[in-house]
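Student: take this sequence and fold it.
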Amino acid sequence: MTHTDLKILDCTIRDGGLMNNSYFPIETVRAVFNAACLAGLDFVELGYRNSKEMFSTSEFGPWRFCDEEDLRAVVEGIDRRNTQISIMQDAHKSVPEDILPEKDSVVDLIRIAAYCRDIEKAVILANNAVDKGYMCSINIMAISHESRKRLDEVLDIIKEQTRVKYVYIVDSFGALNCDDVIGLVEQFKDHLGDNGTGIHFHNNQQLAFANNWIGMKYGAEIVDGTLDGLGRAAGNCPTELLLSSLRSEKYDILPLLEVIQKEIIPLKKKIQWGYHIPYMITGIFNLHPGAAMKWLTSNEKDDIVKFYKEISGK
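Tutor: Residues are numbered from 1 along each chain as shown. Prediction:
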C-alpha cells in the first residue's frame, strides 16, 4: 500500500471527550471540523452515539450522544470537501435503534468499539449500521490483553458474519511496541482479506507515533490521531505530527495548527492529558490508565516512586 491509499481519521472530539465528559462547546467542535476539512483529512469523528438509557444526559455532554440535530449544527455552512464524518458506538453501551438510516444522517462511517467478550453485540451493531447504508468498522479494544488464539477466533467471526470495511487494532492501555504492532497487523491482514486494517494507539510509552508509522509500513489502511494528542489519559498520536510525517500534498497542516493554537491549547488550563510517568507505568504493566488518572488528581501526584511500588507490588 502506498501512502496515497491511506486514510487519516481525527478523533479529537470523541477521544478527547473522555477527559471532559464530552462537554465541548459547539464552537470548538465546528472549529475542529472546519480545520479538518481544510486540512484534507479523510474522516473526523465527532463523538459517540451511546444510549441515553445507559448514559445520563445531565452527566455527559452532547458529543457522548451525537444527536442528529447537533451534528447538523456542526457541519452547517462548512465546505466538507472530501472529509467524511464518523461516530462511534460502544458495543456494550449502545442499541441498534440509536442509528438512523444513512439517508437521514450526515454520518458516513460508524465505528463499533468492542472488547472481544462483546463480539456478538458488535456483530449485531455492525450489521445494523451496514444494513442502514453506512460504512462500518469494528474496533477491538484492549487488544494487548487478548491471546493470539482468541484474536484469530474473533477476526474469523468478523470476516464471516459482517460486511465491515475496517477492523481496528486498539491499544487501549498504551502497552504495545513496534514489534507487537507488526505481529498484529500481519495477523489481521492474514485473516481479513479485503477488509482494511485500522490502528489506534495511546501514548503512555511515547510510542503512539512510532506504532502508527510501523503499522502504516506494514499495511494498515486507516490511521487515527488527535489534535495535539488530546485524548484519554496519555492521549493519542498527534494528527498534525502524523500528517507532517507523510509529506503528502494531499494534506495541509496549517489549518490544524491554527485550530490547535486557538481551541486546543487553551483546554490545557482545564483538563490534563499527554505523557506523564504514572501513565507510562500503567502502560508498561499493561493496565487501564484509571489508576494513574486518579493518582494525578491526588495530593500524592508527584510521588511517582510510591505509585510505581503500588502498581508493581515491589
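
Student: list the contacts of residue 35.
Tutor: 255, 256, 258, 259 (Cβ atoms under 8 Å, 6 or more residues apart in numbering). Bear in mind the C-beta positions are built from the backbone N, C-alpha and C, glycine included.

Student: switch to 10 Å and redo it
Tutor: 10, 12, 41, 44, 78, 227, 239, 252-260, 262-264 (Cβ atoms under 10 Å, 6 or more residues apart in numbering).

Student: now residue 226
Tutor: Residue 226 neighbours (Cβ under 10 Å, 6+ apart): 9-16, 32, 45, 200, 203, 208, 232, 235-240, 242, 264, 273.

Student: and for residue 269?
Tutor: No contacts exist for residue 269 under Cβ under 10 Å, 6+ apart.

Student: can you give me the pLDDT of it?
Tutor: Looking at residue 269, its pLDDT is 92.

Student: next, it: phi, psi?
Tutor: phi -80, psi -20 (degrees, to the nearest 10).

Student: for the stretch 151-300 of the chain, which segments count as helices?
Tutor: With helices called from DSSP state H, counting those that start in this stretch, the stretch 151-300 of the chain shows them at 178-192, 208-217, 239-246, 254-259, 277-284, 290-295.

Student: on that earlier part again, which of the contacts of residue 226 are buried?
Tutor: 9-16, 32, 45, 200, 203, 208, 232, 235-240, 242, 264, 273 (16 or more other Cβ atoms under 10 Å).

Student: let me see the domain layout of the protein.
Tutor: Using automatic domain parsing, the domains assigned to the chain come out as 3-269, 277-312.

Student: which of these sits most buried?
Tutor: domain 3-269 (a mean of 20; mean count of other Cβ atoms under 10 Å).

Student: what's the offset of that one from the middle of its chain?
Tutor: Domain 3-269 sits 4 Å away from the centroid of its parent chain (Cα atoms, centre = their mean, to the nearest Å).

Student: before we move on, the earlier item: now, the contacts of residue 226 that are in strands?
Tutor: 9, 10, 45, 200 (DSSP state E).

Student: mind listing the strands for this protein?
Tutor: 7-10, 43-48, 84-90, 109-114, 135-140, 166-171, 196-201, 222-225.

Student: how about residue 139, what does it touch?
Tutor: 88-91, 111-114, 122, 164, 166-170, 172, 198-200, 224 are the contacts of residue 139 under Cβ under 10 Å, 6+ apart.

Student: change it to 8 Å
Tutor: Counted by Cβ under 8 Å, 6+ apart, residue 139 has contacts 88, 111, 112, 113, 114, 167, 168, 170, 198, 200.
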